[in-house]
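K.L.:
Okay, predicted coordinates and the sequence, questions at the end:
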Amino acid sequence: MADKEAGGSDTGPREAAPASAYSSPARSLGDTGITPLSPSHIVNDADPNVSEQQTFLVVVAVDFGTTSSGYAYSFTKEPECIHVMRRWEGGDPGVSNQKTPTTILLTPERKFHSFGYAARDFYHDLDPNEAKQWLYLEKFKMKLHITGDLTMDTDLTAANGKKVKALEIFAYALQYFKEQALKELSDQAGSEFENSDVRWVITVPAIWKQPAKQFMRQAAYQAGLASPENAEQLIIALEPEAASIYCRKLRLHQMIELSKAAVNGYSSSDTVGAGFAQGDKYVVVDSGGGTVDLTVHQIRLPEGHLKELYKATGGPYGSLGVDYEFEKLLCKIFGEDFIEQFKIKRPAAWVDLMIAFESRKRAAAPDRTNPLNITLPFSFIDYYKKFRGHSVEHALRKSNVDFVKWSSQGMLRMSPDAMNALFKPTIDSIIEHLRDLFQKPEVATVKFLFLVGGFAEAPLLQQAVQAAFGDQCRIIIPQDVGLTILKGAVLFGLDPAVIKVRRSPLTYGVGVLNRYVEGKHPPEKLLVKDGTRWCTDVFDKFISADQSVALGELVKRSYTPAKPSQLVIVINIYSSELDDVSFITDPGVKKCGTLRLDLTGTSSAAVPARREIQTLMQFGDTEIKATAVDIATSKSVKVGIDFLNY
């Protein structure tokens, strides 16, 4: 029989199932189907085991950013004191170096060589012919955001065009941070610090899909920060959530207030930290190098717990967008063919050019009147002459790109308008996204908007947000805006219970058999077994996308084997981004876990006629766990939901 598209369900009730990606619960592994016990009851318990927390001496948070990364830590004995890592050697002039660039260098043998400024400088000093053998990667975190079908085997491409496994690169980077942090802690303590003394927190964008969040955890296991057996040692924190925790604790002198008028009943003399009242809502706009993440939170006093009101939204509108626009401008002036070749033939010089651009990018401001000079590396000028047979100056003259001139000192002179134009597409996307968000009823009464993340330092972005939303809410920028997430992540690691309610990003359920109802169920789902008419492939929902979930919440469902004589039960767990799911064969439904429960070894006398199999799903953290329990024998199996290997 030919395989059916999409459905993977057969036509007749008794034909063999097609070899499709979907296995019907009833047809796989010899009648292992389950059917809901009616009435299906849901119990929401918080897990009693959550309170038995391990004690760690120190919390170390790693902000693994698209363009720059850093770590910070706090000893659990003095939680109010957050230390940001030592300053990095080799920082750029004009750029604060509390973080280091997210760049990594591997030797020609693909072994880890260096990270950050050290990687960049070493790579830069290599002879161009030798440099081609080395693997240099930068801004590679974006790959996790844009890859739709991320797996453990996803590749990254180094500057020389060679491919490496993404998991390996992320693990190398995290291992580097682990070694740096443990070394610094040991120096401070005067004695050897063990990894087991540390609780790790790694931050990821809230808008990342589940596979990317799980990928980060796998990379951390590979780097030896924690292990699957000791998963609690590592928390994957959401970047805007971390920022939110930090902003909540701020007092007014630690912030820059953009609006001075009283908005929504607040005058700017109130302190924000103390001025947060029960039920106050605020938006955190976390704008980094790669992504912009928007999260809406509400404070729930007395404990000051946070509740997520609206699921995280955002997109790839980070400051990288400005770099792309600059690259497009260079292509327009010098030709795309030249820029492509230059990147391949002179990779270190290309890196130099982008560093020069980065420091000028930071000088862009709405009220700037004098031009910005960007130094072109000598090898750019030299290679262009060889490539085209005429000078860079000639190219600028005939390119008819206004606003960009050639200065005799060998620089590109950009007018402030030209620079502002490079920011415009990215900033417009952010504003548009915020406008959509402010249309949502949950967001209508927001009092504060916190602008955080590295890109929030850009005056052009600050001004645009203020102009668009200053009359709706108070717009506030923490002073150390680039370190907000890092410091918040440390606070989160010290007290993970501070986030109480999240929105589930996906709909979860299991595949079951239901009694077939004529007229309600599609005929191709009919399966007749021992005289009973079943509807196959039914998606029995545990929780819907965007539903509020308390951290550690357990959702229980009870099932019974469709056939009393079954010796094994297989429960397949599925997820979907859509809320409205009827069958596991619906488009967009993905399998993400399997529970296998062996029912043999029990005397039939002891087992009730309708055997109850209880399935529990625990939500909350970026990790989701599922358990099945055979009530008659108390046998149970556990599985972590897996988005990378199915």
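P.N.:
Sure, I can see it. This structure is a prediction, so every number in the text was calculated from the model and none was measured. Numbering: from 1, shown residues only.
K.L.:
roughly how far is stretch 214-227 from the heart of the chain?
P.N.:
Stretch 214-227 sits 15 Å away from the centroid of its parent chain (Cα atoms, centre = their mean, to the nearest Å).
K.L.:
and the residue nearest to Gly161 when sequence neighbours are not counted, helix, strand or coil?
P.N.:
Leaving aside its sequence neighbours, Gly161 sits nearest to Ile344 (Cβ to Cβ, 6 or more residues apart in numbering; 6.9 Å). C-beta coordinates here come from the backbone N, C-alpha and C atoms, glycine included. Classification of Ile344 by DSSP: H, G, I helix; E, B strand; the rest coil places it in helix.
K.L.:
Isn't Ile344 up against Lys162?
P.N.:
No. Applying Cβ atoms under 8 Å, one finds Ile344 not in contact with Lys162, separated by 11.8 Å.
K.L.:
Comparing those two, which shows the higher neighbour count?
P.N.:
Shown here are Ile344 and Lys162; by other Cβ atoms under 10 Å, Lys162 has more neighbours (18 against 13).
K.L.:
what residues are up against the more buried one?
P.N.:
Going by Cβ atoms under 8 Å, 6 or more residues apart in numbering, Lys162 touches Leu135.
K.L.:
Please report how far it lies from Leu144.
P.N.:
Going from Lys162 to Leu144 by Cβ to Cβ, to the nearest Å gives 19 Å.
K.L.:
quick revisit: tell me how far the residue nearest to Gly161 lies from Trp208.
P.N.:
30 Å.
K.L.:
So the residue lying closest to Gly593 once chain neighbours are set aside: helix, strand or coil?
P.N.:
Leaving aside its sequence neighbours, Gly593 sits nearest to Ile573 (Cβ to Cβ, 6+ apart; 3.8 Å). Per three-state DSSP, the local secondary structure of Ile573 is strand.
K.L.:
separation between Ala489 and Val62?
P.N.:
Taking Cβ to Cβ, one finds Ala489 at 8 Å from Val62.
K.L.:
who's more crowded, the two?
P.N.:
The neighbour count for Ala489 versus Val62, taken as other Cβ under 10 Å, is higher for Ala489 (31 against 27).
K.L.:
Am I right that the more buried one sits in a helix?
P.N.:
Yes. Counting by three-state DSSP, Ala489 is part of a helix.
K.L.:
just use 39 as the starting number from now, easier for me
P.N.:
Renumbered: residue one is now 39, and that last one reads Ala527.
K.L.:
for Ser106, what are its contacts?
P.N.:
137-140, 327, 492.
K.L.:
for the helix or strand harbouring Thr598, the distance to its chain's centre please.
P.N.:
Per DSSP states H and E, Thr598 falls inside strand 591-599. Once both centres are worked out by Cα atoms, centre = their mean, strand 591-599 turns out to sit 30 Å from its chain's centre.
K.L.:
same question, stretch 478-492
P.N.:
Distance, centroid of stretch 478-492 to centroid of chain: 20 Å (Cα atoms, centre = their mean).
K.L.:
likewise stretch 152-161?
P.N.:
Mean C-alpha position of stretch 152-161 versus that of the full chain (Cα atoms, centre = their mean) differs by 25 Å.
K.L.:
again with stretch 409-416
P.N.:
Put simply, stretch 409-416 sits 35 Å off its chain's centre (Cα atoms, centre = their mean).
K.L.:
Stretch 604-624 too?
P.N.:
Remark: stretch 604-624 is offset 25 Å from the chain centroid, using Cα atoms, centre = their mean.
K.L.:
now the stretch 289-438 of the chain, which segments are flagged as low pLDDT?
P.N.:
Residues of the stretch 289-438 of the chain that meet the criterion pLDDT under 70 lie in 289-316, 339-342.
K.L.:
separation between Thr483 and Leu347?
P.N.:
10 Å.
K.L.:
what's the overlap in contacts for these two?
P.N.:
Common contact partners of Thr483 and Leu347 (Cβ under 8 Å, 6+ apart): Lys319.
K.L.:
any idea where the strands of the stretch 539-684 of the chain begin and end?
P.N.:
For the stretch 539-684 of the chain, the strands defined by DSSP state E, counting those that start in this stretch cover 545-553, 564-567, 570-581, 586-588, 591-599, 606-614, 628-636, 651-656, 663-668, 673-678.
K.L.:
Which among these is found nearest to Ile120?
P.N.:
strand 586-588 (27.6 Å; Cβ to Cβ).
K.L.:
Tell me the helices and strands packed up against the closest one.
P.N.:
strand 537-541 (3 or more Cβ pairs under 8 Å, 6 or more residues apart in numbering; DSSP states H and E).
K.L.:
Any chance you could list what contacts the strand it packs on?
P.N.:
So strand 537-541 is in contact with 279, 283, 338, 343-346, 348-350, 530, 584-589, 657-658, going by Cβ under 8 Å, 6+ apart.
K.L.:
Please flag which of these sit within helices.
P.N.:
Of the positions in the contacts of strand 537-541, 279, 283, 530 sit in helices, assigned by DSSP state H.
K.L.:
wait, isn't Leu188 in contact with Leu682?
P.N.:
Yes. Contact criterion Cβ under 8 Å: Leu188 and Leu682 qualify, at 6.7 Å.
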